[in-house]
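Novice: Model the structure of this input:
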Amino acid sequence: MSRIRALPPELVNQIAAGEVIERPASVVKELVENSLDAGAKRIEIDLEQGGARLIRVRDDGDGIEPDDLPLAVSAHATSKISSFDDLERVATLGFRGEALPSIASVSRFALTSRRRDADSAWRIEIDGGKARASAPAQHAPGSAAEVRDLFYNLPARRKFLRAERTEFGHVEDWVKSMALARPDVEFHLGHNGKAVRWFKPTRDGIELDRRLSDVLGEEFLASSLRVDHSAAGLRLHGWVGLPTASRAQADQQYFHVNGRLVRDRLVAHAVRQAYADVLFHGRHAAFVLFLELDPALVDVNVHPAKHEVRFREGRLVHDFLYRTLDEALSHARAGASPAPAARADETWPNAASTLRSYAAAQPVLGLGVREPLADYAALLGREASPLPSMIAAGGAALRIESGEDAQIPPLGFALAQLHGIYVLAENAHGLVLVDMHAAHERITYEKLKTAQDGEGIRTQLLLVPLALALSEREANVVEEQQARFAELGFDVARSGPQSIVVRRMPVVLDGADVAQLVRDVIADLAVHGQTRRIEESTNELLATMACHGSVRANRRLTIPEMNALLREMEATERSGQCNHGRPTWVQLAIPDLDRLFLRGR
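Specialist: Numbering: from 1, shown residues only. Coordinates of the predicted model:
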């Protein structure tokens, strides 16, 4: 080997660029984060050829002092940290001082900036890492960074760039994420001289909802739950998509930590567990979430491009995320959006036709006319005696009298059963279709879980203690987490440097693969400091019991039984999906039906 020598500054910056600058989207990220740290409220991003030919970012931020321009493009020069204590509590998006020199080393770079109180701007140009002297220039207060011919001096890196449309797509996705994280900032995005995106700044909740719709579409806003919860110095807020609005790809998952978009295994694990009981196999949840915590509790300096973070209290963060999301999703009951109450002077829409449908359906269902009418009247708070005459009179007299506090339940009232599988009901919005087996399966499952939680974990001794050979690291986890195993219903002890013995297990898991289950629990505790393997295995068994104990297809239900099922659905957590994540009900509103039959066209 040759003698040890110091690397030239240009090569040092190009090596750093290999870690920080992956593609045009990486350049946009670094430049926009600098603009946000400078207090910008309006940011313009213009690209040509997907960013390969030109990337220009202009802002109205604080600007840079003329004497500081050469330092701004020097390695490890920054205004954002000055001591180790600052590094421990990073509150800005950028701080390492390597982005601009790295970008300038692999492009033809120019930086123009003007302080708010200055008479003119100053500009510095760098070509492949070689800087020219700064000079006066014309520019509004703020800064503009121009990156031309990215990787022109590194042909091998340039060959790795994808098609123009693909590279621009990555930029657009990242700008969307920042538009969600900073709704107070105006963003303009242009490509090849054409305006592509314009996100106006928001001032209230209505405008915030509009920005969310602009970024992810109205469908996401309509099928998501608002979350805002604080505890133990942590705050989680944003939107989580309903399980029925899941996606084939994980393309609508945005998680921000103190305003920084991150990809984190601990976060992904907590979200996946929260959706485990309601998400259909192979589908991905959609969410836009923001976690806020003391900067001292999160290390953002673990990745050169700052894509990943490390939480100092990982177990606390994991539990907080899981419990907050699980609680939010548990309230996603069938018919959760309340149907509007009828006013005192309004006729209940289609009430008479509903009663006629009940009477017409009775020969098929094998019911007497009096039974469904009495049931329906009881739900209305009326006597059954006047109802037959109302049907005969066409139902014109059926009105909600003044002073009555009548309200149509969210899922409405049953009309009939279709093919022994689906329950048809009418609510204030239109037609409701319910998969009776899927709905009853969820109801039974939730009741079994509640009963199991109430009894606690019943345990039993193994006839023959189970010995397991593990690595020393895994055995250390068992020794450290012995109390946690006891909480889960296991008596597990270390029996040697690389072995453990299991003497007791939960009764409900009789017949399960105990060895594999214990190994999986150890793996979870080692990586995340937390596990739900026991609960998940128990829930799998309870789900099987619920499936076998629920009403089967082709079983005829009476009208009262159907209405009882609808009321149970409205009161049961997570009743919008069955145990396997399939939807239990759908709503066809009157406008939807009108479109099907081309009414009003």
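
Novice: In this structure residue 32 contacts residue 45, no?
Specialist: Yes. Applying CB atoms under 8 Å, one finds residue 32 in contact with residue 45, separated by 6.9 Å. C-beta here means a position set from N, CA and C on the backbone, and glycine is covered the same way.

Novice: If we ignore the residues flanking it in sequence, what's nearest residue 523?
Specialist: Nearest non-adjacent residue to residue 523, counting by CB to CB, 6 or more residues apart in numbering: residue 474, 8.0 Å away.

Novice: Spit out the contact partners of that neighbour.
Specialist: Under the criterion of CB atoms under 8 Å, 6 or more residues apart in numbering, the neighbours of residue 474 are 519, 522-523, 526.

Novice: One more: residue 570?
Specialist: Contact analysis of residue 570 by CB under 8 Å, 6+ apart lists 333-335, 409-411.

Novice: Check the protein for its longest helix and report it.
Specialist: helix 436-455 (DSSP state H).

Novice: Just after that one, pick out the following helix or strand.
Specialist: Per DSSP states H and E, the first helix or strand lying C-terminal to helix 436-455 is strand 459-469.

Novice: which residues sit against that next one?
Specialist: Under CB under 8 Å, 6+ apart, the answer for strand 459-469 is 489-491, 495, 498-507, 510, 514-515, 518-519.

Novice: what about the strands in the stretch 501-601 of the chain?
Specialist: With strands called from DSSP state E, counting those that start in this stretch, the stretch 501-601 of the chain shows them at 585-589.

Novice: so where is it shaky, pLDDT-wise?
Specialist: Along the stretch 501-601 of the chain, the parts satisfying pLDDT under 70 run over 508, 511-512, 528-550, 552-553, 601.

Novice: picking that back up, in strands, which of the contacts of residue 570 fall?
Specialist: Applying DSSP state E to these, no entry is found in strands.

Novice: What separation do you get for the most centrally placed residue in the chain and residue 248?
Specialist: By CA atoms, centre = their mean, the chain has its centre lying nearest to residue 287, at 2.0 Å. Residue 287 sits 16 Å away from residue 248, going by CB to CB, to the nearest Å.

Novice: hey, what's in contact with both of residue 32 and residue 45?
Specialist: Joint contacts of residue 32 and residue 45 (CB under 8 Å, 6+ apart) are 57, 175.

Novice: follow-up on the earlier one: what score does the residue nearest to the centre of the chain have for pLDDT?
Specialist: Note for residue 287: predicted pLDDT of 94.

Novice: pretty sure residue 52 is touching residue 148, no?
Specialist: No. The pair residue 52 and residue 148 fails to qualify as a contact (CB under 8 Å) at a distance of 9.7 Å.

Novice: Those two: which has the busier surroundings?
Specialist: Between residue 52 and residue 148, counting by other CB atoms under 10 Å, residue 52 is the more crowded of the two (22 against 16).

Novice: Identify the residues contacting the more buried one.
Specialist: 24, 149-151, 158, 161, 164, 167 are the contacts of residue 52 under CB under 8 Å, 6+ apart.

Novice: Swap in 7 Å and give it another go.
Specialist: Applying CB atoms under 7 Å, 6 or more residues apart in numbering, we find residue 52 in contact with 24, 150, 161, 167.

Novice: residues touching the third one, list them.
Specialist: Contacts were defined as CB under 7 Å, 6+ apart; by that measure residue 161 touches 23, 52, 167.

Novice: hmm, back to that, could you work out the most separated pair of the contacts of residue 570?
Specialist: Pairwise distances across the contacts of residue 570 peak at 11.7 Å for 333 and 409 (criterion: CB to CB).

Novice: still on that earlier bit, which among the contacts of residue 474 count as buried?
Specialist: Among the contacts of residue 474, those scoring as buried are 522, 526 (criterion: 16 or more other CB atoms under 10 Å).

Novice: Can you tell me which of the contacts of residue 474 is closest to residue 84?
Specialist: residue 526 (29.8 Å).

Novice: To what extent is residue 262 buried, counted in neighbours?
Specialist: Counted with other CB under 10 Å, residues neighbouring residue 262 total 18.

Novice: tell me which residues in stretch 285-305 are buried?
Specialist: Using 16+ other CB under 10 Å as the burial criterion, the residues of stretch 285-305 that qualify are 285-291, 293, 295, 298-300.

Novice: Whatever helix or strand residue 11 lives in - what's its average pLDDT?
Specialist: Assigned by DSSP H and E, residue 11 belongs to helix 9-20. Average pLDDT, helix 9-20: 72.

Novice: who's in contact with that helix?
Specialist: Against helix 9-20 from outside (CB under 7 Å, 6+ apart): 26, 30, 75, 98-99, 101-103, 105-106, 129, 304-305.

Novice: same check, this time on stretch 65-79
Specialist: With contacts defined as CB under 7 Å, 6+ apart, stretch 65-79 is touched by 9, 12-13, 64, 95, 97-98, 100-101, 104, 111, 113, 115, 122, 124, 126, 131, 134.

Novice: Tell me which entries of the residues you listed lie within helices.
Specialist: Among these, the members found in helices (DSSP H) are 9, 12-13, 100-101, 104.

Novice: ok, residue 63 to residue 112 distance?
Specialist: Residue 63 sits 10 Å away from residue 112, going by CB to CB.

Novice: which neighbours do the two share?
Specialist: Residues within reach of residue 63 and of residue 112 at once, by CB under 7 Å, 6+ apart, are residue 143.

Novice: chain center to stretch 421-439, what's the gap?
Specialist: Stretch 421-439 sits 28 Å away from the centroid of its parent chain (CA atoms, centre = their mean, to the nearest Å).

Novice: Please shift the residue numbers so they start at 11 in all later answers.
Specialist: Okay, using 11 as the starting number, the last item reads as stretch 431-449.

Novice: Give the buried residues for stretch 164-173.
Specialist: Of all the residues in stretch 164-173, those buried under the rule 16+ other CB under 10 Å are 164, 167, 171.

Novice: Also stretch 133-153?
Specialist: So, applying 16+ other CB under 10 Å, buried residues of stretch 133-153: 133-139, 141, 144, 149, 151-153.

Novice: Also stretch 564-579?
Specialist: Buried positions in stretch 564-579, judged by neighbour count with 16+ other CB under 10 Å: 567-573, 575-576, 578-579.
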